[in-house]
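1. Here is a sequence together with a model predicted from it:
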Amino acid sequence: MSAPPWRIVFFGTPSFAIPTLEGLLKGPHKVVGVVTQPDREKGRGRKVVISPVKELALQHGLNPLQPEQAKEEGFQKALKGLQPDLIVVVAYGQILPKPVLKMPKYGAVNVHASLLPRYRGAAPIAWAILKGEKVTGVTTMVMDAGMDTGDILFQAEVPINEEDTCQTLHDRLASLGAGLLIETLEKMKEGNIRPIPQDHSKATFAPPLKKEDGYIDWKKEAGEIDRQVRAFDPWPGAFTKWNDRLLRIYKGGIRERAPTGKAGTVVWVGSDFIEVETEKDAYLIKEVQLEGRKRMRVREFLLGHPIPVGAVLV
């Protein structure tokens, strides 16, 4: 006689969590509850926006719990009433307190978008690109009260391609994480799994991104600027200023060039790129968005906004 399916409560908020929740909903276990961040007002119109996880949960007849803080007594009482055997967490956005972690019979499992102990924290995908990593991946781990400090269950690697943005890498890792979580649950069910403690001495961190992180310092090397542009696409975006107007840069490349000491200066304008001097080599701007305008290729941009050689981006 086979063991009954586990009762799972899923914690998650952004689109990264969607493939894993979809996999659980299609799988052999029973998702008895979903927890996500409260609805937030966004944009100039302050329109109330629900999380992608809430939207998917409602489509499946699940009414999510949305506490401001997971330590709230009322929330914990409601969670206990769901009688979870296991909690699964994917990019929920809060550190769960010990009473919540200890509630399920089999504890809590987290899917994290890095090869722990590297890049613990809120923005591991962006920081892996920004730091020039060649490989990253996903980790399933046993949750404890720390921030991504629990014992490792399984890991899977993917290469970081030279043209990867945070968005393209995000999508690959989200899919990979969903499959790894299903594999992890199968091994847990079989009792065929041995958690491995992290080597905390090798930990690195990926703090939340801020808008000002997108500012481009042209005194940096072109390779670093290229990683910044890719790491911060789609948010917060990499940006500079031209004629006192914000100019967002979404795509570019690197050209080897001997430095002349004029970082930030436009040294050449082609039909499809704007070449800008940096500390080392030049950065070729290929796709932009001028403040108040739509995103476009440089070819289109230059038709209405000619930038002369010698102009300075700051």
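-> Thanks, I have it.
2. element containing the nearest residue to D272 once chain neighbours are set aside?
-> In this structure, D272 finds its nearest non-sequential neighbour in R299, 5.2 Å apart by C-beta to C-beta, 6 or more residues apart in numbering. C-beta coordinates here come from the backbone N, C-alpha and C atoms, glycine included. If you go by DSSP states H and E, R299 is part of helix 298-304.
3. Could you give me the buried positions within that helix?
-> Applying a neighbour-count criterion of 16 or more other C-beta atoms under 10 Å, one finds 298, 301-302 buried in helix 298-304.
4. Equivalent analysis for stretch 203-213, please.
-> Going by neighbour count (16+ other C-beta under 10 Å), the buried part of stretch 203-213 is 203, 206, 209, 213.
5. what about the last one, which SS state?
-> What that stands for is D213. helix (DSSP: H, G, I helix; E, B strand; the rest coil).
6. Pull the contacting residues for it.
-> 232, 236 (C-beta atoms under 8 Å, 6 or more residues apart in numbering).
7. how far away is it from E163?
-> D213 sits 21 Å away from E163, going by C-beta to C-beta, to the nearest Å.
8. swap in the second one?
-> Remark: distance between A206 and E163 (C-beta to C-beta) = 21 Å.
9. what residues go with each domain of the protein?
-> Partitioning the chain according to automatic domain parsing yields domains covering residues 7-202, 211-304.
10. Between the two ends of the last one, how far is it?
-> If I follow you right, that is domain 211-304. End-to-end distance for domain 211-304, by C-alpha to C-alpha, to the nearest Å: 28 Å.
11. next one: it to chain centre, how far?
-> A distance of 23 Å separates the centroid of the chain from that of domain 211-304, by C-alpha atoms, centre = their mean, to the nearest Å.
12. For the stretch 1-150 of the chain, give me the ranges with low pLDDT.
-> For the stretch 1-150 of the chain, the stretches with pLDDT under 70 are 1-2.
13. Recalculate using a threshold of 80.
-> For the stretch 1-150 of the chain, applying pLDDT under 80 flags the ranges 1-3, 43-45.
14. what are the ranges of the strands in it?
-> Secondary structure of the stretch 1-150 of the chain (DSSP state E, counting those that start in this stretch): strands located at 7-12, 30-35, 40-42, 47-49, 86-90, 108-112, 135-142.
15. Could you say which one of these comes nearest to K280?
-> strand 135-142 (24.4 Å; C-beta to C-beta).
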